[in-house]
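Student: coordinates for the following, if possible.
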Amino acid sequence: MYSSLISQSHDWSNEIDRVKQRFDREFKQEAFDLPAEVEAMPIFREWISRNLTDKITSPFWELAGFKKNHRCLDIGCGVSFLIYNWREWETYFYGQEISVVARNALNSRGSQLNSKLFKGVQSGTAHQLQYENDTFDRAIATGFSCYYPPEYWKLVLQEVKRVLKPDGIFIFDAIDPDTELAENWAILEMYLGAEVFLSPLTQFTELVKEVGGKVTKTQTGELFQMYQVSF
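Tutor: Numbers count the residues shown, from 1 in each chain. Here you go, the predicted model:
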């Protein structure tokens, strides 16, 4: 059991299980039974056609500054190693994921794709990382901070700080509640099974400061804003 800085005062299992179930269903390509008024929303049609993906995907590599032989931890990785250019970056990939479906898919195919760079995916939550202190040059966590209240994200930041090397960099994103997409996307996600928290972006910068971090760069997208953080 690796040492951790986090407090276990709150049981996050209900929130985590809700997100896990939502993404297990998507990775299994199971149908979602949604009300007609939700299916009539333009954002639902974009989601079904996969045109929404480009709008909500954060290009983490643009802020990560990967270098050859960097060790990177992808938290909430989904099937990241199968769809992004890890071979081009020549960066060692380590993952952690709550979706058993995504974890199994990645562990069964990752080594076939590139046995040198793929280092496996652990099953676990973002606030309990299954890795030792001072292990990684980079850590990324995109696309899921919005499913939890800010107090949970503080625990994630503390854990990332623990597993990063002293000169490591963390890239994460947070939903910008002022964007045109935010409210309708939150409604869609609610019907897909996961509550979205439209927290002010200032809360995330404050959390970074609270855990001894510094936001060194930001990048704005159509739904999410990315942050580059050093500790």
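Student: next helix or strand past the helix or strand in which residue 215 is found?
Tutor: Applying DSSP states H and E as the criterion places residue 215 in strand 214-220. Along the chain past strand 214-220, the next helix or strand (assigned with DSSP H and E) turns out to be strand 224-230.
Student: what lines up beside that following strand in the sheet?
Tutor: Sheet pairing for strand 224-230, assigned by DSSP bridges, gives strand 164-175 (antiparallel), strand 214-220 (antiparallel).
Student: what lies in contact with the shortest one?
Tutor: With CB atoms under 8 Å, 6 or more residues apart in numbering as the contact definition, strand 214-220 has outside contacts at 58-59, 62-63, 169, 176, 205, 208, 225-231. C-beta here means a position set from N, CA and C on the backbone, and glycine is covered the same way.
Student: residue 85 - how many residues pack around it?
Tutor: 10 (other CB atoms under 10 Å).
Student: can you tell me which two in the contacts of strand 214-220 are farthest apart?
Tutor: Largest separation among the contacts of strand 214-220 by CB to CB: 176 and 231, giving 23.7 Å.
Student: quick check: the closest residue in space to residue 126 that isn't next to it in sequence vs residue 162, distance?
Tutor: Spatially, and ignoring its direct neighbours in sequence, residue 126 is nearest to residue 156 (4.6 Å; CB to CB, 6 or more residues apart in numbering). Relative to residue 162, residue 156 is positioned 11 Å away (CB to CB, to the nearest Å).
Student: more neighbours, the two?
Tutor: Ranked by neighbour count (other CB under 10 Å), residue 156 and residue 162 place residue 156 first, with 26 against 19.
Student: wait, isn't that one in contact with residue 75?
Tutor: Yes. Under the contact definition of CB atoms under 8 Å, residue 156 touches residue 75, with a separation of 7.5 Å.
Student: mutual contacts of the two, please.
Tutor: 126, 141.
Student: which other helices and strands contact the worst-scoring helix or strand of the chain on mean pLDDT?
Tutor: None of the helices or strands of the chain scores lower by mean pLDDT, DSSP states H and E than helix 52-56, at a mean of 91. Under the contact criterion of 3 or more CB pairs under 8 Å, 6 or more residues apart in numbering; DSSP states H and E, helix 52-56 touches helix 42-48.
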